[in-house]
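[1] Here's my sequence, what's the structure:
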Amino acid sequence: MMQARSDRMRRQFKTIVFVPTMGFLHEGHLSLVREGKKHGDDLVVSIFVNPAQFAPGEDLESYPRDLDRDLELLREEGVDAVFNPDAKEIYGKEFQTYVELKKLPNHLCGISRPIFFKGVATVVAKLFNIVKPHVTVFGQKDYQQLVIIRQMVRDLGFDIEVVGAPTVREPDGLAMSSRNAYLAPEQRTSALSLYKSLQKAQELLENGIQDATIIIDAATELIQSLPETKIDYIAICDTETLVDIKTIDKPVLMALAVKVGKARLIDNMILNPQLD
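    The predicted structure is shown next:
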């Protein structure tokens, strides 16, 4: 049905814009929807909690869901279509074809979540073939995912423009995420350590510290000084290849993942050195 609808929109020379989500929508998702409206005239949002990107023991079953609220929010935003398939519709019987990148997943979140990006790339490729968009919008908060989707689009020849939209934050600076719902009120201060460590990194860089190890050590100290934090990784890396960088003499990505209580949170920032 969705493919048939997309074919009809294309015959009418509509520009299809696609925003894939896993639902439990927040202002960050809605910012992607609003960005999407700038790039075309038929806006499609998918809601699908993708089982292929969850490893055993991760939060697939407990991942927050509220479809009725999601649909109401999207209705208020004037979305043209919502695609809400189930796992059987996406993967079918005896599914065995996956999309797997060789290099980009071997950094950052891909180290501790080795099947994650294989699942992401596969489901996004499937969704692209079903929705048939001209433009797709992804958030920069999931920076590694964004560069992986761009690489996949280039490698597989998808005729799709990939737009990256800025991270949306809560008033206190916490990056918006569906997993913020896992945070107890008393864990909020600990969760804010991610953003504060990124701000501290930019401050150190502006003060002439270009050694990535020193900046990472400062972030580690800040985060570990707060209760219920467990660092997965803190990295400073190339913005395109995600390869670690030791000396910051160009714009770089600083990215981190930290567990606060049972919530695994990620954040990132492009750090810009003050070059003469």
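[2] which stretches of the stretch 1-150 of the chain form strands?
    Listed in chain order, the strands of the stretch 1-150 of the chain (DSSP state E, counting those that start in this stretch) span 16-21, 42-47, 81-83, 135-139.
[3] So what's the gap between the third one and the chain middle?
    This means strand 81-83. 20 Å (C-alpha atoms, centre = their mean, to the nearest Å).
[4] Packing partners of that strand?
    helix 2-11, strand 42-47, helix 116-131 (3 or more C-beta pairs under 8 Å, 6 or more residues apart in numbering; DSSP states H and E). Using the backbone N, CA and C atoms, a C-beta is placed for each residue, glycine as well.
[5] can you pull the contacts of the closest residue to A235 other than its chain neighbours?
    Computed as C-beta to C-beta, 6 or more residues apart in numbering, the closest residue to A235 that is not its neighbour in sequence is A255, at 5.4 Å. Counting by C-beta atoms under 8 Å, 6 or more residues apart in numbering, A255 touches L108, Y143, Q144, Y233, I234, A235, C237, I266, D267, N268.
[6] Most neighbours among those, which one?
    L108 (27 neighbours; other C-beta atoms under 10 Å).
[7] What pLDDT is listed against the closest residue in space to that one that isn't next to it in sequence?
    Nearest non-adjacent residue to L108, counting by C-beta to C-beta, 6+ apart: Q144, 4.9 Å away. If you check Q144, the pLDDT there is 98.
[8] my guess is L67 meets F48, correct?
    No - using C-beta atoms under 8 Å, L67 makes no contact with F48, being 10.9 Å away.
[9] Which residue of the two possesses the greater neighbour count?
    Shown here are L67 and F48; by other C-beta under 10 Å, F48 has more neighbours (19 against 13).
[10] May I have the beta-bridge partners of D267?
    Beta bridges link D267 to L256 when assigned by DSSP bridges.
[11] Need the pLDDT of it.
    Value for D267, per-residue pLDDT: 98.
[12] Against Y233, how distant is it?
    For D267, the distance to Y233 equals 12 Å [C-beta to C-beta, to the nearest Å].
[13] joint contacts of the two?
    A255, L256.
[14] which residues touch G40?
    G40 neighbours (C-beta under 8 Å, 6+ apart): K14, T15, I16, V17, H134, V135.
[15] remind me which residues of the stretch 151-276 of the chain are low pLDDT?
    275-276 (pLDDT under 70).
[16] where along it do the helices fall?
    188-191, 193-206, 212-224 (DSSP state H, counting those that start in this stretch).
[17] Restricting to C-alpha, output the last one in CSV.
    Once non-C-alpha atoms are left out, helix 212-224 reads as follows in CSV (Å, rounded to 0.1, in the frame of the first residue of the first chain):
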residue,chain,number,x,y,z
ALA,A,212,42.7,15.2,22.4
THR,A,213,43.8,13.0,25.3
ILE,A,214,43.8,16.0,27.7
ILE,A,215,40.3,17.0,26.6
ILE,A,216,39.0,13.4,26.9
ASP,A,217,40.5,13.1,30.3
ALA,A,218,38.8,16.3,31.5
ALA,A,219,35.4,15.0,30.2
THR,A,220,36.0,11.6,31.9
GLU,A,221,36.8,13.3,35.2
LEU,A,222,33.7,15.5,35.0
ILE,A,223,31.3,12.6,34.1
GLN,A,224,32.8,10.2,36.7
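[18] contact partners of that helix?
    With contacts defined as C-beta under 8 Å, 6+ apart, helix 212-224 is touched by 193-194, 196-198, 200-201, 204-205, 209, 229, 231, 234-236, 244-248, 252, 254, 256, 258.
[19] And for the longest one?
    Outside of helix 193-206, the residues that reach it under the criterion C-beta under 8 Å, 6+ apart are 169, 173-175, 214-215, 218-219, 222-223, 225-226, 229, 234, 236, 248, 254, 256, 258, 265-269, 271-274.
[20] If any of those are buried, put those into a PyMOL selection.
    Applying 16 or more other C-beta atoms under 10 Å to the contacts of helix 193-206, the buried members can be selected in PyMOL as follows:
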select buried, resi 174+175+215+218+219+222+223+226+229+234+236+248+254+256+258+265+266+267+268+269+271+273
